[in-house]
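In: Pasting the sequence and the predicted coordinates here, then a few questions.
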Amino acid sequence: MINSTQFSYFTLVAYFDTGAFKYLYFMIVMSLYMLIVCVNLLLIVVICMNRSLYEPMYLFLCSLFVNELYGSTGLFPFLLLQILSDIHTVSAPFCFLQIFCGYSYGCVEFLNLAIMSYDRYLAICYPLQYNTRMTSKKIALLIAVTWLFPFLAIAVLIALSAPLKLCGNIINKVYCGNYSIVKLACSDTTVNNIYGLISTVISVIVPLILILFSYMKILKVCFSGSKQTRQKAVSTCTPHLVSLLNFSFGSCFQILQSRFDMSTVPSVSDIFLSLYFITCQPLFTPILYGLKMSKIRYICKRLLCGEV
């Protein structure tokens, strides 16, 4: 009979000895984190403090920036601590808290991108009916669902994983993942696997289908519309598409890394792609929207220059 238990801590073995360079890596990661915090906070303040930006598109953007701040803050401090530490262990409660933050961040991101594509679909395909279709109550409901559903779904996921009896406590990643813990279980994990698959479909596949449907309709209007309509569609949809592709790439690698054996991938590449998920999206999305949207860019410039 295989011995099983509930471990009080987990060991992360994906890290490698950086020697004297660990302080350099610490400064690089710390600089990235501070840049992420500053850029996202700036745009959140800009949107919240300017009534001219109280429009659906900017409110959804504000929700997106809050999520970038939430996701990076949930993982970066732990990563900084691990860079300086020689023993890469994490307590079980904190490991599950990290899973909650990381997974809920990913779910909120996909849902937020989905409602943003829906908003663009209404604005471009039904411009005259946009204000009646996208009411303040509908905006509040969409944002509430975007945040509450992932929190509830991931809480159930962790509630299923936490009681599992484990045969080991070695995780081959740089931070905790739910499936990494489920793979260590000695008991039956059928319920965990089924729920994990269902939650992945609802949180990832369904939003992607909604985004695909929205852009098919947008493209149809663009090809049949005027040059001005096409220019409006390109200017408003380009940041969203780039953000979606960037996040989808990072998410796909996370799923592949969790589900399949990645021992053939060099450890440096493995770590880089793992960090891509929590670094590139929170960093590039606010910069991309800030540079692309003239209204945000203009207000940011006024704010930074001290103009009222």
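Out: Looks like it arrived, so ask away. Note that the structure is a prediction, hence the values are computed from the model and not measured.

In: in the stretch 51-200 of the chain, which spans are helices?
Out: All helices of the stretch 51-200 of the chain, identified by DSSP state H, counting those that start in this stretch, fall at 56-84, 92-125, 130-133, 136-161, 178-182, 190-200.

In: now the ones you listed as JSON lines including distance to Ile271?
Out: Glycine gets a C-beta too; all of them are placed from N, C-alpha and C. Formatted as JSON lines, the helices of the stretch 51-200 of the chain follow (distance: least, C-beta to C-beta, whole Å):
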{"stretch": "helix 56-84", "distance to Ile271": "10"}
{"stretch": "helix 92-125", "distance to Ile271": "15"}
{"stretch": "helix 130-133", "distance to Ile271": "45"}
{"stretch": "helix 136-161", "distance to Ile271": "24"}
{"stretch": "helix 178-182", "distance to Ile271": "15"}
{"stretch": "helix 190-200", "distance to Ile271": "23"}
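
In: what about these, which gets the closest to Gln228?
Out: Ranking those by proximity to Gln228 (C-beta to C-beta) places helix 92-125 first, at 11.4 Å.

In: Which neighbouring elements make contact with the closest one?
Out: Identification of packing neighbours for helix 92-125 by 3 or more C-beta pairs under 8 Å, 6 or more residues apart in numbering; DSSP states H and E yields strand 9-12, helix 56-84, helix 130-133, helix 136-161, helix 178-182, helix 206-224, helix 227-259, helix 267-292.

In: in the stretch 151-300 of the chain, which ranges drop under the pLDDT threshold?
Out: 225, 229, 232, 257-270, 291-292 (pLDDT under 70).

In: nearest to Gly106, of the helices and strands packed on helix 92-125?
Out: helix 227-259 (6.0 Å).

In: And that closest one, what does it pack against?
Out: Checking 3+ C-beta pairs under 8 Å, 6+ apart, helix 227-259 ends up next to helix 92-125, helix 178-182, helix 206-224, helix 267-292.

In: Check the offset of that helix from the chain's centre.
Out: Averaging C-alpha positions (C-alpha atoms, centre = their mean, to the nearest Å) puts helix 227-259 13 Å from its chain's average.
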